[in-house]
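Engineer: Show me the folded form of this:
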Amino acid sequence: MKAKDPSTRLVESISMDVKDWWPKHIVESAWLEHTPFAAWLISALQPRIMVELGTHRAVSYMAFCQASSKLSVPAKCFAVDTWKGDDHAGKYSESIFRDVQDLNQPYENFSTLVRSKFDEALSQFQDGSIDLLHIDGFHTYEAVSHDFSSWLPKMSQRGVVLFHDTAVHKKDFGVWRLWSELSEQHPHFHFSHGFGLGVLSVGANPCPLIQCLCALVSDQKKYEEIQSIFALRGRDVSLTYQKRLDAAAGQHWRASLDRNIKRLWRTMIPISLREKISKMRR
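Structural biologist: Residues are numbered from 1 along each chain as shown. Coordinates of the predicted model:
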């Protein structure tokens, strides 16, 4: 029997491994459209240690944890954040961290919230130990470059680094600039939807499916095919969020209308007439 080529195995893994996966934690987030890829990546890479730098409302982090749990991947996951915010994401109230604590409870046997600055958390991880690193902190070129160079020694021989917001060029965002440099030096794959997500293979011994994914850069047709698969799945997640927003807005509108009608009934209709109408209804 003829062996399947790597790209065929890759497409099959994408269609088989996470076809029935759906994120539980769907709230406002620039990362919503990448949650399906997060599930595939956990399945493909089978990380032993996963670290996220910058978690906020934990849409991406919960996607990684949910996938690890559902797919029985024995990963140890760590979310590193001060949960105080910054000039790009805004300042957080303490309720954000409490919400993330609640979300993390089902995964506490393998997931740890590390409330600290990124540099302060470095000492908690051995060199060469991290298989998956997601960098989504402060987005200036200087900040993301520092985060990458600081954490690179911690990456394993199978290491994969994710960079979010690679397609954002506004204000002083500089992830796109670092990505353009690093993608010239390492095997990579890039998604332009969902504000951009860069997938960088930094280990000398990458896992086969990640190697296949990055190799598609040289095959434009198949490269775009994989991009399209995850873009469509991500759009479905965004549409689900929008439908929930619309439903909530509709409920709010109806409740507001009911309140206004009752207020008008009390203020505009004389009490004597209201009593007559009530008797007629009975």
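
Engineer: Low-confidence regions, the stretch 151-282 of the chain specifically.
Structural biologist: For the stretch 151-282 of the chain, the stretches with pLDDT under 70 are 248-282.

Engineer: Helices of the stretch 1-150 of the chain, start to end?
Structural biologist: Using DSSP state H, counting those that start in this stretch, the helices of the stretch 1-150 of the chain run over 6-17, 35-45, 59-70, 94-104, 118-121, 141-151.

Engineer: Just the CA atoms of the last one, as CSV, please.
Structural biologist: These are the backbone C-alpha positions of helix 141-151, laid out as CSV (Å, rounded to 0.1, in the frame of the first residue of the first chain):
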residue,chain,number,x,y,z
TYR,A,141,7.9,45.2,19.1
GLU,A,142,10.2,45.7,22.1
ALA,A,143,8.0,43.9,24.6
VAL,A,144,7.2,40.9,22.4
SER,A,145,10.8,40.6,21.3
HIS,A,146,11.9,40.6,24.9
ASP,A,147,9.3,37.9,25.8
PHE,A,148,10.4,35.7,22.9
SER,A,149,14.1,36.0,23.6
SER,A,150,13.6,35.5,27.4
TRP,A,151,11.5,32.4,27.1
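
Engineer: how's the chain carved up into domains?
Structural biologist: Recorded structural domains for the chain (assignment: automatic domain parsing) are 6-231, 240-281.

Engineer: deepest of these, which one?
Structural biologist: domain 6-231 (a mean of 18; mean count of other Cβ atoms under 10 Å). For the C-beta atoms, the positions are set from N, CA and C on the backbone; glycine is no exception.

Engineer: what does the longest strand anywhere in the chain rub up against?
Structural biologist: Criterion DSSP state E: the longest strand present in the chain is strand 155-164. Strand 155-164 is contacted from outside by 30-31, 34, 41, 45, 47-49, 60, 128-136, 144, 148, 151-152, 175, 178-179, 182, 195-207, 210, using Cβ atoms under 8 Å, 6 or more residues apart in numbering.

Engineer: Could you pull up the contacting residues of the closest residue to residue 152 other than its chain neighbours?
Structural biologist: Nearest non-adjacent residue to residue 152, counting by Cβ to Cβ, 6 or more residues apart in numbering: residue 202, 6.7 Å away. Residue 202 makes contact with 152, 155, 159-161, 186 under the criterion Cβ under 8 Å, 6+ apart.

Engineer: wait, which of the residues you listed is closest to residue 237?
Structural biologist: Residue 237 has its nearest neighbour among these in residue 160, at 21.5 Å by Cβ to Cβ.

Engineer: Quick check: bridge partners of the closest one?
Structural biologist: residue 132, residue 201 (DSSP bridges).

Engineer: Which residue, other than its chain neighbours, is closest to residue 163?
Structural biologist: residue 198 (4.0 Å).

Engineer: which element is that neighbour on?
Structural biologist: strand 197-201 (DSSP states H and E).

Engineer: other SSEs contacting whichever helix or strand comes after that strand?
Structural biologist: The first helix or strand that comes after strand 197-201 along the chain, using DSSP H and E, is helix 208-215. Applying 3 or more Cβ pairs under 8 Å, 6 or more residues apart in numbering; DSSP states H and E, one finds that helix 208-215 contacts helix 6-17, helix 35-45, strand 188-191, strand 197-201.

Engineer: For the ones you listed, give me a markdown table that also has distance to residue 101.
Structural biologist: What follows is the helices and strands packed on helix 208-215, written out as a markdown table (distance: least, Cβ to Cβ, whole Å):
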| stretch | distance to residue 101 |
| --- | --- |
| helix 6-17 | 30 |
| helix 35-45 | 20 |
| strand 188-191 | 30 |
| strand 197-201 | 26 |
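
Engineer: how about the ones you listed, which one is nearest residue 93?
Structural biologist: helix 35-45 (24.2 Å).

Engineer: what's next to the closest one, contact-wise?
Structural biologist: So helix 35-45 is contacted by 13-14, 17-18, 21, 23, 50, 59-60, 63-64, 66-68, 70-71, 73, 75, 131-132, 158, 160, 162, 191, 197, 199, 207, 209-210, 213, 230, 233-234, 237 (Cβ under 8 Å, 6+ apart).
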